[in-house]
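[1] Take this sequence and fold it.
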Amino acid sequence: IVDVVANHMAADYNYSRSPAIIDDIRNDNSCWHNRNSNIYNYSSRENITQYDLDTVLDLNTGSKKVQNYVLNYLKELIDAGADGFRFDAVKHIETPDDNASFASDFWPTVVYGAETYAESKGLDLYCYGELLDHPDDVNGLPDSAYAKYYSITDNVWGNNVRDAVVAGGNAGSFSGTYHKNVSADQLVLWAESHDTYANRSSLGVSEANINKTWALVAARADAMGLYLTRTEGFTPPNALGTAYLSGWNASEVAAVNKFHKAFVGQSEYVANSGSIAYVERGTSGAVLVNVGGNGTSVNVKANRLASGTYKDQISGNTFTVSGGKITGSIGSSGIAVIYNVSACSHANHYIAGLCTVCGASVSHSYSGGVCKCGKTKPVTGSCTHSAHRYNGVCRDCGASVGHSYTNNICTVCGEQGEETFVSEKKFGVHE
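    Predicted coordinates:
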């Protein structure tokens, strides 16, 4: 997914057109709104979409010339391997549903054009727009005016959940009602974003609390979730620093992510009780978070969960549903992900040993030393077998062996030099 900034261009915050902008755009006044004035009224859609954002100059996105430049840029990115886009600051670009005096067809032209091009390449393009709060402060334009073209962010809901977790104590403020007035499958959620991290509203929140927030975000049905990789060397307001390995690769995050994938298509029930905020999915799983601390005992109402015993995929603790109650002990992370993982029966898995469908850990099955996923069987000791494959792998033990060439043809496997070897390796030859 590539971040696309189509609303504005400028190198300096001084209403100047950067010399880095190509002349065909830079020197054509019809490509700009030419207001030289910042947005000052967030109750006015015209002001939001036609004026400048923080002194960076607003492109005239109603111009067919600008639209074609943006669309061709997206096509170039698709050719380079992109199969999705995040559109920055979308509320600042007008829609066809705006007042006719400033409305434009920028979004259908650019988004539908990119989708059609991606389809011609065999790609299913995923797009979402950074729509902070609502399109305006008076609900003059509905969220759906943007959501008809792509998914949109619900920053308010995620930020509210984080605030509830940080406040601790009682989970009563945890609600399942989204801020955006569109269906859940059109939403993108987060525990924090680059903006909340950079403006310090989430910078001081512990990773433990971010992960609790993420657990409640990723447990929700249908919506997409984004987890921000935090950075070292953060220097406000501009330099975010270098990403580092920390909260995002915690075991509780992995457990919640697998839960999210395992319960795709299943219903949800969002609830809270005392310090416990929780989301039940279907009748066979739930994520529970103790906003008041870490490990604790749980005794909350089971709204949908069927009676039985469930394993917490983080701590290994057993939870019991009986008499309409969920009981058990949340581990030290303050998060419990309870459901029973069935033995994986899907056909395909990755080289890392994870199912391509459910994410379960599976064992490799080797035939002639190679699994169908392409993984070569680990070998101890030296190979003494006489036959090997074109890709230089022993047919019996899977060891990597050297070819023995005569006239550029291996006398053992018949491999015909480096070009054939690369081709066979690329397409993954198996017996």
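
[2] ok now do the nearest residue to Asn348 once chain neighbours are set aside, which residues does it touch?
    Spatial nearest neighbour of Asn348, excluding adjacent residues (Cβ to Cβ, 6 or more residues apart in numbering): Thr356 at 4.7 Å. Just so you know, the C-beta spots here come from the backbone N, C-alpha and C atoms, and that holds for glycine as well. Residues in contact with Thr356 (Cβ atoms under 8 Å, 6 or more residues apart in numbering) are 346, 348-350.

[3] Burial check on Glu130, number of neighbours?
    18 (other Cβ atoms under 10 Å).

[4] I'd like the numbering to begin with 17 instead of 1 from here.
    Will do, 17 is the new start, and the previous item becomes Glu146.

[5] give the contact list for it.
    Glu146 touches 102-106, 169, counting by Cβ under 8 Å, 6+ apart.

[6] What is the nearest of those to Cys143?
    Closest approach to Cys143 among the contacts of Glu146 (Cβ to Cβ): Phe103, at 6.8 Å.

[7] Is that closest one in contact with Leu147, as I believe?
    No - the criterion here is Cβ atoms under 8 Å, and Phe103 misses it with Leu147 at 9.0 Å.

[8] The closest residue to Gly185 other than its chain neighbours: what's it in contact with?
    Nearest non-adjacent residue to Gly185, counting by Cβ to Cβ, 6+ apart: Gly308, 5.3 Å away. By Cβ under 8 Å, 6+ apart, Gly308 lies in contact with 184-187, 290-291.

[9] for Gly308, helix, strand, or coil?
    coil (DSSP: H, G, I helix; E, B strand; the rest coil).

[10] Next up, phi/psi of it, please.
    Main-chain torsions, Gly308, degrees, to the nearest 10: phi -90, psi 0.

[11] all strands for the stretch 117-266 of the chain, in order.
    142-145, 167-169, 203-206, 240-242, 247-248, 258-259 (DSSP state E, counting those that start in this stretch).

[12] list the buried ones in the first one?
    In other words, strand 142-145. Residues 143-145 are the ones in strand 142-145 that count as buried (16 or more other Cβ atoms under 10 Å).

[13] Same check on stretch 373-392?
    In stretch 373-392, counting by 16+ other Cβ under 10 Å, buried: 374-376, 378, 380, 384-387, 389, 391-392.

[14] can you give me the end-to-end distance of it?
    Distance between the two ends of stretch 373-392: 22 Å, counting by Cα to Cα, to the nearest Å.

[15] Arg33 contacts Met25, correct?
    Yes - with contact defined as Cβ under 8 Å, Arg33 counts as touching Met25 (7.4 Å).

[16] shared neighbours of those two, anything?
    What both Arg33 and Met25 touch, as defined by Cβ under 8 Å, 6+ apart, is the set Leu73.

[17] Quick one: buried ones out of the contacts of Thr372?
    His365.

[18] Any regions of this structure where pLDDT drops low?
    27-29, 251-255, 261, 368, 374-375, 394-447 (pLDDT under 70).

[19] residue closest to the middle of it?
    Closest residue to the average C-alpha location of the chain: Leu242 at 4.4 Å, with Cα atoms, centre = their mean.

[20] and which of the contacts of Thr372 is nearest to Ile351?
    Tyr366 (25.7 Å).

[21] picking that back up, put together CSV for the buried residues of stretch 373-392, with distance to Arg320 and secondary structure on each row.
    Shown next, in CSV, are those (distance: Cβ to Cβ, whole Å; DSSP: H, G, I helix; E, B strand; the rest coil):
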residue, distance to Arg320, secondary structure
Cys374, 21, coil
Gly375, 23, coil
Ala376, 23, coil
Val378, 29, coil
His380, 37, coil
Gly384, 48, coil
Gly385, 47, coil
Val386, 44, strand
Cys387, 39, strand
Cys389, 36, coil
Lys391, 39, coil
Thr392, 45, strand
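
[22] all helices for this structure, in order.
    Ranges of helices within the chain are 39-42, 61-66, 80-95, 122-123, 129-136, 160-163, 171-183, 210-214, 223-234, 267-278, 433-443, based on DSSP state H.

[23] what's the closest of these to Asn50?
    Using Cβ to Cβ, the helices of the chain put helix 61-66 closest to Asn50, at 9.8 Å.

[24] Pick the one among the contacts of Glu146 closest to Tyr285.
    Ranked by distance to Tyr285 (Cβ to Cβ), the contacts of Glu146 are led by Thr169 at 24.1 Å.

[25] residue contacts, Phe122?
    Listed by Cβ under 8 Å, 6+ apart, the contact set of Phe122 reads 22, 77-78, 82-83, 86, 109-111.

[26] Can you redo the residues you listed as JSON lines, where the extra columns are distance to Leu304 and neighbour count?
    Shown next, in JSON lines, are the contacts of Phe122 (distance: Cβ to Cβ, whole Å; neighbours: other Cβ atoms under 10 Å):
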{"residue": "Ala22", "distance to Leu304": "41", "neighbour count": "24"}
{"residue": "Thr77", "distance to Leu304": "45", "neighbour count": "24"}
{"residue": "Gly78", "distance to Leu304": "49", "neighbour count": "18"}
{"residue": "Val82", "distance to Leu304": "49", "neighbour count": "22"}
{"residue": "Gln83", "distance to Leu304": "48", "neighbour count": "22"}
{"residue": "Val86", "distance to Leu304": "45", "neighbour count": "21"}
{"residue": "Ile109", "distance to Leu304": "41", "neighbour count": "25"}
{"residue": "Glu110", "distance to Leu304": "44", "neighbour count": "24"}
{"residue": "Thr111", "distance to Leu304": "40", "neighbour count": "22"}
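
[27] Now render those residues as JSON lines, adding distance to Gly301.
    Supplementary listing: these in JSON lines, determined by distance: Cβ to Cβ, whole Å:
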{"residue": "Ala22", "distance to Gly301": "40"}
{"residue": "Thr77", "distance to Gly301": "44"}
{"residue": "Gly78", "distance to Gly301": "48"}
{"residue": "Val82", "distance to Gly301": "48"}
{"residue": "Gln83", "distance to Gly301": "45"}
{"residue": "Val86", "distance to Gly301": "42"}
{"residue": "Ile109", "distance to Gly301": "40"}
{"residue": "Glu110", "distance to Gly301": "43"}
{"residue": "Thr111", "distance to Gly301": "39"}
